[in-house]
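> give me a model of this one.
(one chain, ligands or ions: 1)
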Amino acid sequence: MKSVQPQQRVYLSPPHMCGRELEFVQQAFASNYIAPLGPMVTGFEEDFAAHSGISHCAALSSGTAALHIALRLLGIGRGDIVLASSLTFIGSVSPVTFLGAEPVFIDSDTATWNMDPNLLSDAVKDYCRQGKTPAAVVVTDLYGQCADYDALREVLDRNGIPLVIDAAESVGATYKGRHAGKGGICAAYSFNGNKIITTSGGGMLAAEDGDFISRARWLSQQARENAPHYEHVEVGYNYRMSNIVAAIGRGQLTALNERVNAKRQLAARYEQALSHLPGISFMPEASYGRSNRWLTVMQVDEQAFGASPETIRLALERENIESRPVWKPMHMQPVFRQCAVYGGRVSESLFAKGLCLPSGTAMTDQDFERVIATIHSCAGEGAK
Ligand SMILES: *Cc1c(COP(=O)(O)O)cnc(C)c1O
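From the prediction side, this is the model:
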């Protein structure tokens, strides 16, 4: 009789080192810059600026920190309205509340799953009419697909409202040929452990305005005045990236193009293997850009497929395979129950029907087949 071996766990989006990270880390050790700041931080910022085509970058401790500093620099504070994507991760929105401002959520459209420019227009009109012009918009590039920046800008520019792009998930993606995040007043990126490239934890704030980024660096280092002693006119944060972490980032960045190609290939393989099943569909890719397919996300019509996304998730879990529901929309979160929302049905439906599939770029063919077989085995279960 065959003994049952516990299968190795398949993770949703585990780190994937390329091998060059240690070279950079060793350089950092050899230079003894075991510190926040140092040549690797500057090097990572320059590498990222070159890759993204955005002139100035500040390497920070997280994507959330990058958004916090961005909003602070835009002068957002108590009483301000900030419009934000509802279908996102909380790190996109928590900085609004750190500053005492009020988030108002905008639903997705079905074509891109990103912020609906028509609903944004409705919200801007309403608030401007009340004399409460929104102080900023934070838009998320969902699961590695850029939002339609130009369509959003059309609404915002005539009202002088800045667009902050939360590109935490879209590193390496493009919008009309430009890198994700290029086209707003600034963009925030994340190198958290689950993102397409990772430094274990970290973030980047990028902008065309060099002054904006200099001020971001200053705020991220406790807002110290230029004096030999410690002098403070404003309160800042301890949000700088460390030199060791930046070294990992420089190594990871050399593999980014490969990772994007691998993620896109994986998404295509999933579609090939599953989209013929009744009730199964996948996140659409907008014609204006190239998604990095950070996560492959499928939609399950329970009636047609014969099982719910949660049934599939639990079946995968029994096989030691990690999958996750789509982000629970911010307007459904208890912590934001007081906040206004424009629309809501689209993201609610995506949350109810969505499942994020294992999307690691180092996943073996064997593991991929395990995932596919498990999903196939769920089909029709509910109809029996
Ligand atoms: C990961 C993520 C963040 C936060 O990034 P951290 O580096 O984890 O702070 C913000 N927004 C979105 C959409 C994310 O996916």
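
> show me what counts as buried in stretch 187-206.
For stretch 187-206, the neighbour count (16 or more other Cβ atoms under 10 Å) marks 187-192, 194-199, 201-206 as buried. For glycine as for every other residue, the C-beta is placed from the backbone atoms N, C-alpha and C.

> if you average pLDDT over that stretch, what comes out?
When pLDDT is averaged along stretch 187-206, the result is 97.

> so how far is that stretch from its chain's centroid?
9 Å (Cα atoms, centre = their mean, to the nearest Å).

> quick check: which element contains the closest residue to the ligand within the stretch 251-384 of the chain?
When scored by Cβ to the nearest ligand atom, the stretch 251-384 of the chain has residue 327 as its residue closest to the ligand, at 7.9 Å. Following DSSP states H and E, one finds residue 327 outside all helices and strands.

> give me the pLDDT for it.
At residue 327, pLDDT is 98.

> same question for residue 5.
Looking at residue 5, the pLDDT reads 60.

> returning to that earlier point: how many neighbours does the residue of the stretch 251-384 of the chain closest to the ligand have?
Look at residue 327: counted by other Cβ atoms under 10 Å, it has 24 neighbours.

> wait, it touches residue 89, no?
Yes: with contact defined as Cβ atoms under 8 Å, residue 327 and residue 89 form a contacting pair (5.8 Å).

> about what we covered before: in strands only, show me the buried residues of stretch 187-206.
Taking DSSP state E, the ones among the buried residues of stretch 187-206 that sit in strands are 187, 188, 189, 190, 203, 204, 205, 206.

> need the residues of the chain near the ligand, please.
Applying Cβ under 6 Å from any ligand atom, we find that the chain lies next to the ligand at 62-64, 88-89, 91-92, 140, 166, 168-169, 190, 192, 203.

> what subset of the residues you listed is buried?
Buried by 16+ other Cβ under 10 Å: 62-64, 88-89, 91-92, 140, 166, 168-169, 190, 192, 203, out of these.

> a markdown table for those, including secondary structure?
Below are these laid out as a markdown table (DSSP: H, G, I helix; E, B strand; the rest coil):
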| residue | secondary structure |
| --- | --- |
| 62 | coil |
| 63 | helix |
| 64 | helix |
| 88 | coil |
| 89 | coil |
| 91 | helix |
| 92 | helix |
| 140 | strand |
| 166 | strand |
| 168 | coil |
| 169 | coil |
| 190 | strand |
| 192 | strand |
| 203 | strand |
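
> identify the residues contacting the nearest residue to residue 13 once chain neighbours are set aside.
Closest residue to residue 13 apart from its sequence neighbours, by Cβ to Cβ, 6 or more residues apart in numbering: residue 194 at 4.6 Å. Applying Cβ atoms under 8 Å, 6 or more residues apart in numbering to residue 194 gives the contacts 12, 13, 14.

> now do the phi/psi pair for residue 194.
Main-chain torsions, residue 194, degrees, to the nearest 10: phi -100, psi 0.

> let me know the pLDDT of the spatially most central residue of the chain.
Residue closest to the mean C-alpha point of the chain, counted by Cα atoms, centre = their mean, is residue 169 at 2.6 Å. Looking at residue 169, its pLDDT reads 98.

> ok, it to residue 22 distance?
Separation of residue 169 from residue 22 (Cβ to Cβ, to the nearest Å): 26 Å.

> go on, residue 352?
According to Cβ to Cβ, residue 352 stands 44 Å off from residue 22.

> again, but for residue 90
Distance of residue 90 to residue 22, given as Cβ to Cβ: 33 Å.

> same question, residue 144
From residue 144 to residue 22 the distance is 27 Å (Cβ to Cβ).

> so between these two, which is more surrounded?
residue 144 (31 against 13).

> does that one touch residue 259 like I think?
No: contact criterion Cβ under 8 Å: residue 144 and residue 259 do not qualify, at 10.6 Å.

> what sits in contact with each of the two?
Common neighbours of residue 144 and residue 259 (criterion: Cβ under 8 Å, 6+ apart): 172, 196, 292.

> tabulate those residues (CSV), appending distance to residue 47.
CSV is the format used below for these (distance: Cβ to Cβ, whole Å):
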residue, distance to residue 47
172, 13
196, 15
292, 17
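
> what's in contact with the host helix or strand of residue 356?
Using DSSP H and E, residue 356 maps to strand 354-357. Strand 354-357 is contacted by residues 12, 143, 270, 295-300, 309, 312-313, 323-326, 371 when judged by Cβ under 8 Å, 6+ apart.
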